[in-house]
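*Asks:* Fold the following and give me the result.
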Amino acid sequence: MTASGDAILVTGAAGFIGAALSRALLERGERVIGIDNFNDYYDPALKHARVATLDRFGDAFTLLPVDFGDTAALDAALEPHRFGRIAHLGAQAGVRYSLINPHAYAHSNLAGHLNLLELARHRGVRHMVYASSSSVYGGNDSFPFRVEDRVDHPVSLYAATKKSNELMSEAYAHLYRIPLTGLRFFTVYGPWGRPDMAAWIFASKILAGEPIPVFNHGEMRRDFTYIDDIIAGVVAALDHPPADDGEAKAGGSTQPHALYNIGNNRSEQLGHLIDVIEAACGRKAVRDYQPIQPGDVVATAADISAIERDLGFRPTTSIDHGIPAFVDWYRGYNGR
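*Replies:* So this is what the prediction gives:
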């Protein structure tokens, strides 16, 4: 527990990463204030089920159902509560959905991120860690992606909002000296994951005997990162705020603002992922090969040298171990 006993505010606490982080913090004796608006981007029942796993921590966990993109509602909900650090993991996720409902991204990812920065500023928090995304790299030519690379050419609105979060944070670190750390997540998967992600889509359709969509005719690579590895990295980041010393941080800022890739440091062929899911499900997939989708990139891979150097982050879970763990959980959750 922190020396002052301050709680940690976790946004998106009913989300995949937010719920897992809340559990990890509670298990080490922290007090957590979680906020989530339980929107219907995917089935809210999954979000409620994740939060229900935190009931065993009793009063150490406080859940506030509020939309952090609504300034007045956020301020009113948090007014009675005190916290020393923030893990801002809530966002409107999804590349493809940003083509359908762009205003949801402006509300949650732009206005919402500004609200959290203002909250950090006026509450005098010691550190805010926030979720960025590997999507900021767009069609980056260098491989693997490095935090030092230019990320000025997003190929989706979702990516543009995440790049905007990094720019807004840089300005607040400069103006108000708030210690801020942005984490560029690379394709997170595992138990309690999201239904719009490849592992879930493929497992559900294979088990149902339905064809799976394989985009870009299978010529895709992703840096798939297991949830336990991600949480270890987020906790390490929370515990190590960037210093306000004028020295260059990961990502190049001389303000108290660091940027890190957080991935598995291994780019896997989409076909291999499907092979591993088939083996875990015990049946073959019917592969429906399709063109690449607007906003998608062909390959991602994280250079994690900066987060390994600064925070000791070392992922340990390959998809050969992580995917069977996910499929086992999926079968149990869906009664299969």
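
*Asks:* Flag every buried residue along stretch 70-88.
*Replies:* By neighbour count with 16 or more other CB atoms under 10 Å, stretch 70-88 contains the buried residues 70, 73-74, 77-78, 83-88. The C-beta positions use only the backbone N, C-alpha and C, and glycine is treated the same way.

*Asks:* Glu268 contacts Met220, doesn't it?
*Replies:* No - applying CB atoms under 8 Å as the test, Glu268 and Met220 come out as separate, 9.5 Å apart.

*Asks:* Toward the C-terminus, what is the element adjacent to the top helix by length along the chain?
*Replies:* Longest helix in the chain, counting residues (DSSP state H): helix 157-176. Counting by DSSP states H and E, the element after helix 157-176 in chain order, helix or strand, is strand 180-185.

*Asks:* and that following strand with helix 157-176, angle?
*Replies:* Counting by axes from the mean of the first three to the mean of the last three CA atoms, to 10 degrees, strand 180-185 lies at 160 degrees to helix 157-176.

*Asks:* Could I have the CA atoms of strand 180-185 written out in PDB?
*Replies:* Presented in PDB, the C-alpha positions along strand 180-185 are these (Å, rounded to 0.1, in the frame of the first residue of the first chain):
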ATOM      1  CA  LEU A 180       2.300  11.300 -16.700                       C
ATOM      2  CA  THR A 181       3.000   7.900 -18.400                       C
ATOM      3  CA  GLY A 182       1.400   6.800 -21.600                       C
ATOM      4  CA  LEU A 183       1.400   3.100 -22.400                       C
ATOM      5  CA  ARG A 184       1.000   2.000 -26.000                       C
ATOM      6  CA  PHE A 185      -0.800  -1.400 -25.600                       C
END
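
*Asks:* Quick one: mean pLDDT for it?
*Replies:* Across strand 180-185, the average pLDDT comes to 98.

*Asks:* for that strand, packing partners?
*Replies:* If you count contacts as 3 or more CB pairs under 8 Å, 6 or more residues apart in numbering; DSSP states H and E, strand 180-185 packs onto strand 127-133, helix 157-176, helix 227-238, strand 257-262.

*Asks:* That strand to strand 127-133, inter-axis angle?
*Replies:* Counting by the same axes, to 10 degrees, strand 180-185 points 30 degrees away from the direction of strand 127-133.

*Asks:* partners of strand 180-185, with directions?
*Replies:* strand 127-133 (parallel), strand 257-262 (parallel) (DSSP bridges).

*Asks:* Relative to Ala14, which of the ones you listed is closest?
*Replies:* Nearest of these to Ala14, taken as CB to CB: strand 127-133 at 14.5 Å.

*Asks:* Quick check: end-to-end length of stretch 254-272?
*Replies:* 41 Å (CA to CA, to the nearest Å).

*Asks:* Could I get the buried residue list for that stretch?
*Replies:* Buried residues in stretch 254-272, counted by 16+ other CB under 10 Å: 255-268, 270.

*Asks:* which one of these sits closest to Gly209?
*Replies:* Distances from Gly209 to the buried residues of stretch 254-272, taken by CB to CB, are shortest for Leu270, at 20.4 Å.

*Asks:* For the spatially closest residue to that closest one that is not a sequence neighbour, which residues are in contact?
*Replies:* Closest residue to Leu270 apart from its sequence neighbours, by CB to CB, 6 or more residues apart in numbering: Met220 at 4.2 Å. For Met220, the contact set (CB atoms under 8 Å, 6 or more residues apart in numbering) comprises 269-270, 292, 296, 298-299.

*Asks:* on that earlier part again, tell me the most buried of the helices and strands packed on strand 180-185?
*Replies:* Among these, the stretch with the highest mean neighbour count (mean count of other CB atoms under 10 Å) is strand 257-262, at a mean of 28.
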